[in-house]
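Visitor: just a sequence and a predicted model for now, questions to come.
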Amino acid sequence: MAAENVKHFTDAAFESDVLGNDSVVLVDFWAEWCGPCRAIAPIIDELASDYEGRAVIGKMNVDDNQGVPGNFGIRGIPTMLIFKGGEVVGQLVGAQSKAKIAEQLDRALEN
């Protein structure tokens, strides 16, 4: 179960929740049936706590929301996109370590 500070993004609210957000936003594109997605879920939960107040960390289920993943060319999951000012400033594909994801988040926060 996702931590309470992990946001759940949808196609309907993506523009306001992510693209219109002034914060750095990490979107984890995932699906229930995806083993690597489930493997990194605890990392996403930890990052949501670690970056609370500095960045927004959330997930988008690609089975329930197919418009946004298609618009951003998501072809494999897990894929994580990092947004800042409505623009993609980082991308990670596949199961990644907490350190690797944090490195991308830190880079986005610094710039």
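Guide: Received the coordinates, thanks.

Visitor: stretch 57-69: end-to-end distance?
Guide: Length of stretch 57-69, first residue to last, CA to CA, to the nearest Å: 17 Å.

Visitor: which residues belonging to that stretch are considered buried?
Guide: For stretch 57-69, a neighbour-count test (16 or more other CB atoms under 10 Å) marks 57, 58, 59, 60, 61, 62, 65, 68, 69 as buried. Glycine gets a C-beta too; all of them are placed from N, C-alpha and C.

Visitor: just the ones in strands from those, please.
Guide: Residues of the buried residues of stretch 57-69 located in strands (DSSP state E): 57, 58, 59, 60, 61.

Visitor: how near is the closest residue to the first one other than its chain neighbours to residue 10?
Guide: Yep, that's residue 57 we're talking about. Closest residue in space to residue 57, ignoring its immediate chain neighbours: residue 48 at 4.0 Å, by CB to CB, 6 or more residues apart in numbering. Counting by CB to CB, to the nearest Å, the separation of residue 48 from residue 10 is 17 Å.

Visitor: the more surrounded of the two?
Guide: Set residue 48 next to residue 10 and count neighbours by other CB atoms under 10 Å: residue 48 wins out with 22 against 13.
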